[in-house]
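Enquirer: fold the following and give me the result.
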Amino acid sequence: ERDNRYTIYFDNNSNIKLYDDIIIKYNLLIEKEVDDKKLAIITKDNDNLLCYYNAIKFITKKLRTEKEVNVYLAKNFTKELVTKTVAKLKEEDLLNKDLYLKSYINDSILLSSKGPNKIKNELKKLGFQDDEIKPYLDDIADNVWLEKIDKLINKKINSNHQYSKSKLKTKLIYDLSN
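Expert: Numbering: from 1, shown residues only. Below you'll find the predicted structure:
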């Protein structure tokens with residue numbers, strides 16, 4: 001199959017989809033007898049791989065937080081399996097808080113008009129704490145924020161000629177506070 005899983009058929013007309021790694025690990029190409037106890041172990045091992053591969057597929061599309069991965073995996077897997085998988089991803093440095101925070105903040109600065117408070121609030125919704133976020137936002141020079149404000153003000157002025165000065169000023173204050 002496309003995802004390296006193969007269907008194994010049993011004499012009792014039941015079947016199970018196993019990853020090729022599991023088939024090789026348990027020597028299922030040669031061994032023809034599998035009792036219930038061994039099948040339970042094989043199934044558990046296969047579920048571990050399934051959860052892990054689902055997580056890998058999820059995080060390869062874009063960087064993800066631990067919270068996002070937990071929520072995604074919890075839809076289809078047990079809490080124990082999710083915890084084990086997340087620990088493995090962290091061990092392999094595939095869930096890296098530092099990288100995520102740096103990337104998220106950098107992208108927010110370069111690709112949006114978000115200010116530090118909005119970025120911080122969004123990161124908190126993604127499962128980060130103030131003390132984790134603060135050092136990364138503090139590293140951003142004040143002139144970066146001032147340039148963003150200046151750019152936003154000029155954009156609003158150029159696109160809102162229909163407003164009076166006082167109305168435009170009120171609108172700018174409102175937009176900037178948001």
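Enquirer: and the closest residue to residue 136 other than its chain neighbours, which helix or strand is it part of?
Expert: Nearest residue to residue 136, sequence neighbours excluded (C-beta to C-beta, 6 or more residues apart in numbering): residue 101, at 4.8 Å. Every C-beta, even on glycine, is put in place using the N, C-alpha and C of the backbone. Using DSSP states H and E, residue 101 falls within helix 97-111.
Enquirer: that helix: what's the following helix or strand?
Expert: Next along the chain after helix 97-111, taking DSSP H and E as the criterion, comes helix 116-125.
Enquirer: mean confidence for that following helix?
Expert: Mean pLDDT, computed over helix 116-125, is 93.
Enquirer: list the contacts of that helix.
Expert: Contact with helix 116-125 is made by 101, 104, 105, 108, 109, 114, 130, 133, 137, 140, 145, 178, as judged by C-beta atoms under 8 Å, 6 or more residues apart in numbering.
Enquirer: tell me the angle that helix makes with helix 97-111.
Expert: Orientation of helix 116-125 against helix 97-111 (axes from the mean of the first three to the mean of the last three C-alpha atoms, to 10 degrees) gives an angle of 140 degrees.
Enquirer: any idea how far the helix or strand where residue 38 lies is from the chain center?
Expert: Take DSSP H and E as the rule and residue 38 turns out to sit in helix 36-61. Centre-to-centre, helix 36-61 and its host chain are 19 Å apart (C-alpha atoms, centre = their mean, to the nearest Å).
Enquirer: ok, the residue nearest the centre of the chain - contacts?
Expert: Nearest to the geometric centre of the chain sits residue 64, at 1.7 Å (C-alpha atoms, centre = their mean). Residue 64 makes contact with 58, 72, 95, 100, according to C-beta under 8 Å, 6+ apart.
Enquirer: buried only: go through those for me.
Expert: Buried members of these, counted by 16 or more other C-beta atoms under 10 Å: 72, 95, 100.
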